[in-house]
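Peer 1: Predicted model and sequence below, questions to follow.
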Amino acid sequence: GAGVSQSPRYKVAKRGQDVALRCDPISGHVSLFWYQQALGQGPEFLTYFQNEAQLDKSGLPSDRFFAERPEGSVSTLKIQRTQQEDSAVYLCASSRELGSPLHFGNGTRLTVT
Amino acid sequence: GENVEQHPSTLSVQEGDSAVIKCTYSDSASNYFPWYKQELGKRPQLIIDIRSNVGEKKDQRIAVTLNKTAKHFSLHITETQPEDSAVYFCAASKQNFNKFYFGSGTKLNVKP
């Protein structure tokens, strides 16, 4: 594709609901990253995949957060039992390989009410 | 882990003036420093990057300088234009490039 695609663009969830956020990286990009961006802040690292392998998940804030990339392309970030503090923009980024620049998607703005 | 600090948080300049944004990092092992521009509601876009084996890099009106000893790097925009108005983020990464640490952003406003 032309760029990294994320869906939905906006998501409103009631506290306690589960949500799933989708990321379609640029075709052929090996590395995929999820970042969380709170209002007025820089992106914060959540997790990283190389192909289908999740090599680093040290940034996931709790065990309610889960990410997968089963076939090494599309990735899903799942948040269970959402809390208000989960409200943020979730950015997905991909790169051709380690050491290549990151290409970001437009993000999913999650609002938990 | 790495800590990246960015200053100023907001910067207002007159069209045609220069703008400078500064970042410091804490981990001397960091060796890749990209800068991203994010317009309101849009994705961060890479505008320039520098690796630790060089001290300066230029691309038209944009330049980045790196001082490894002092662990700081700066973004310089010359002849600013209204379309330069956006939030700019610096970032730092180590050799394995699997984790980028971002600054808190600088909101640049270029007044026509």
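Peer 2: Perfect, I can see it now. Numbers count the residues shown, from 1 in each chain, chains lettered A, B, ... in the order given.
Peer 1: In chain B, what residue lies closest to chain A?
Peer 2: Here chain B gets closest to chain A at one residue, B:Phe102, 3.3 Å apart by C-beta to the nearest C-beta. Backbone N, C-alpha and C define where each C-beta goes, glycine included.
Peer 1: quick one, what contacts that residue?
Peer 2: Contacts for B:Phe102 (C-beta atoms under 8 Å, 6 or more residues apart in numbering or on different chains) come out as A:35, A:42-44, B:4, B:36, B:89-91.
Peer 1: so what's the residue nearest to it when sequence neighbours are not counted up against?
Peer 2: Distance criterion C-beta to C-beta, 6 or more residues apart in numbering or on different chains; nearest residue to B:Phe102, sequence neighbours excluded, is A:Gly42 at 3.3 Å. For A:Gly42, the contact set (C-beta under 8 Å, 6+ apart) comprises B:4, B:6, B:89, B:91, B:102-105.
Peer 1: Sticking with the nearest residue to B:Tyr25 once chain neighbours are set aside, tell me its helix or strand.
Peer 2: With C-beta to C-beta, 6+ apart as the criterion, B:Tyr25 has its nearest non-adjacent residue at 4.4 Å, and that residue is B:Ala92. Per DSSP states H and E: B:Ala92 is located in strand B:86-93.
Peer 1: Partner strands of the helix or strand bottoming out on mean pLDDT in chain B, with direction?
Peer 2: Of all helical and strand segments in chain B, the minimum by mean pLDDT, DSSP states H and E falls on strand B:100-102, at a mean of 92. Strand pairing for strand B:100-102, using DSSP bridges, gives strand B:86-93 (antiparallel).
Peer 1: Secondary structure element for the residue of chain A found nearest chain B, which one?
Peer 2: Residue of chain A nearest chain B, by C-beta to the nearest C-beta: A:Gly42 (3.3 Å). Using DSSP H and E, A:Gly42 falls within no helix or strand.
Peer 1: Need the pLDDT of it.
Peer 2: What the model reports for A:Gly42 is a pLDDT of 91.
Peer 1: What is the subsequent helix or strand relative to the least confident helix or strand of chain B?
Peer 2: That would be, after strand B:100-102 and using DSSP H and E, strand B:106-111.
Peer 1: and that following strand, how far from the chain's centre?
Peer 2: Remark: strand B:106-111 is offset 13 Å from the chain centroid, using C-alpha atoms, centre = their mean, to the nearest Å.
Peer 1: Which secondary structure elements does that strand sit against?
Peer 2: In terms of contacts (3 or more C-beta pairs under 8 Å, 6 or more residues apart in numbering or on different chains; DSSP states H and E), strand B:106-111 is packed against strand B:10-14, strand B:19-25, strand B:86-93.
Peer 1: what's around the closest residue to A:Val30 other than its chain neighbours, how many residues?
Peer 2: Spatial nearest neighbour of A:Val30, chain neighbours left out: A:Glu97 (5.2 Å); criterion: C-beta to C-beta, 6+ apart. The local packing of A:Glu97 (other C-beta atoms under 10 Å in any protein chain shown) involves 11 other residues.
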